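1. A predicted structure for the sequence below; I have some questions about it.
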Amino acid sequence: MKIKEIKLEDLNVKKFIKDKSREIAVTVGDGCAVNALSGGVDSSTVTMLGHLALGRRLKTCFIENGIMREAEPRYIVGVFKKLGVKVEIIDAKKQFFAAFKGLSDPEEKREAVTQTFYKTVFGPLVKKSQARFLLQGTNYTDVEETVAGIKRQHNILAQLGIDTKKEFGYHVLEPIIELRKTGVRKVARALGLPKEIYERPPFPGPALAARVIGEVTPERVEVVRAATRIVEEELKNSGAFQYLAILHEDKVTGIRNNQREFGLQIEVRCWESTDAVVASPTPLSFKTLTQLADRITREVKGVVSVTYNIAHKPPSTIEAV
Ligand code: XMP
């Protein structure tokens, strides 16, 4: 790999912030840049670094792609407003769902996210703002997994030989690409981001599309979104690295109100990990598991079965797609 990791023990947070904001300022010069904020710790950190370097010459955009968690755009806009950063919400739901139409292969779905994000949405947006640069929060683990051919992370471009200037019309700046998540959290904290952000469990770039097996439709995303909210509410104090809900493609026979219901299956995953490279299932209590199952089957329309993943990564992976 061309990129060299900055190991946690070698990370001087203050120096990192100073160096990276200077690098951004020098690269962008007297122009402006566009910044893709998803609300995760990585893109939030890059937003603050960019803000430090460019101030109002940084245009921060939150893409409402239709596959985010419940109430996410409003929440993120509110968090950054308190930090003095204006965030524009770009409604791109139609473009994303159009790109997902008919796709069920995991890598094709990931490629659809990449193309829609960088070409369809950010292409015209960056051009219109006359920026030459897009800032984004790629981290070291994202690159590593993509280069290893495990999953094509939505935000990996240059490392796959993609010339973003030629393909999309702008250069991509990745100020935190040498850091893993723990390092990013430290930088995030030092940049003044609130605890709810710097301690936020990871969330994938392809968002809930990484948790829908089979075709990603607005209806199917709605199911996994509702289940995600319940899993996050129930497990927020678990101390786990990451917890999520997955919607399966196969249906199973259930029974509700004495009637047959050929219904949906939700799989819950809850992980112990430090860097997402290897992970093990959290030994949740049976009480917690049955409470999850009770709430999901009661509150999420059409769900008749709930399972818990007890496999390790590897050979499992954290997300399902
Ligand atoms: P997997 O599923 O590969 O996930 O075990 C490892 C970690 O990466 C997150 N993830 C992504 N993050 N873009 C991202 O920015 C992506 O395409 C992507 N896919 C997975 C996942 O949530 C986990 O923390």
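-> Noted; the coordinates are in hand. Numbers count the residues shown, from 1 in each chain.
2. I would like the residues contacting the longest helix belonging to the chain, please.
-> Counting residues, the longest helix found in the chain (DSSP state H) is helix 218-235. Defining contact as C-beta atoms under 8 Å, 6 or more residues apart in numbering, one finds that helix 218-235 is touched by 66-67, 69-70, 93, 97, 208-209, 211-212, 214, 243-247, 264, 266, 268, 270, 284, 288, 291-292, 295-296, 299-303. C-betas here are computed from N, CA, C, even on glycine.
3. Pull out the buried members of these.
-> Neighbour counting by 16 or more other C-beta atoms under 10 Å classes 66-67, 69, 97, 208-209, 211-212, 214, 243-247, 264, 266, 268, 270, 284, 288, 292, 295-296, 300, 302-303 among the contacts of helix 218-235 as buried.
4. next helix or strand past the longest helix of the chain?
-> strand 242-247 (DSSP states H and E).
5. could you say what helices and strands that next one packs with?
-> helix 218-235, strand 259-272 (3 or more C-beta pairs under 8 Å, 6 or more residues apart in numbering; DSSP states H and E).
6. okay, the angle between that strand and helix 218-235?
-> If you take axes from the mean of the first three to the mean of the last three C-alpha atoms, to 10 degrees, strand 242-247 sits at 150 degrees to helix 218-235.
7. What are the contacting residues of strand 242-247?
-> Contacts of strand 242-247 with the rest of the structure, by C-beta under 8 Å, 6+ apart, involve 201-202, 211-213, 220, 223-224, 227-228, 230-232, 235, 264-271, 273, 276, 279, 282, 296, 318-320.
8. do it and the ligand meet?
-> Yes. Judged by C-beta under 6 Å from any ligand atom, strand 242-247 comes into contact with the ligand through residue 242.
9. for stretch 230-238, same thing?
-> No. Counting by C-beta under 6 Å from any ligand atom, no contacts exist between stretch 230-238 and the ligand, the nearest distance being 13.4 Å.
10. tell me how far that stretch is from the chain's mean position?
-> Distance of stretch 230-238 from the chain centroid (C-alpha atoms, centre = their mean, to the nearest Å) equals 18 Å.
11. buried residues in that stretch?
-> Applying 16+ other C-beta under 10 Å to stretch 230-238 flags 230, 231, 234, 235 as buried.
12. Pick out whichever of these sits closest to the ligand.
-> residue 231 (13.6 Å; C-beta to the nearest ligand atom).
13. If you drop the residues flanking it in sequence, what lies closest to the closest one?
-> In this structure, residue 231 finds its nearest non-sequential neighbour in residue 245, 4.7 Å apart by C-beta to C-beta, 6 or more residues apart in numbering.
14. The ligand versus that neighbour, what's the distance?
-> In this view, residue 245 and the ligand are 13 Å apart by C-beta to the nearest ligand atom, to the nearest Å.
15. Flag every buried residue along stretch 302-317.
-> By neighbour count with 16+ other C-beta under 10 Å, stretch 302-317 contains the buried residues 302, 303, 304, 305, 306, 308, 309, 313, 316, 317.
16. Would you mind pulling the contact partners of that stretch?
-> By C-beta under 8 Å, 6+ apart, stretch 302-317 touches 150-151, 223, 227, 252-256, 261, 263-271, 273, 278-281, 284, 289, 292-293, 296-297.
17. and the residue of the chain positioned farthest from its centre, how far is that from the ligand?
-> Farthest-out residue of the chain from its mean C-alpha position, per C-alpha atoms, centre = their mean: residue 258, at 40.1 Å. Remark: distance between residue 258 and the ligand (C-beta to the nearest ligand atom) = 40 Å.
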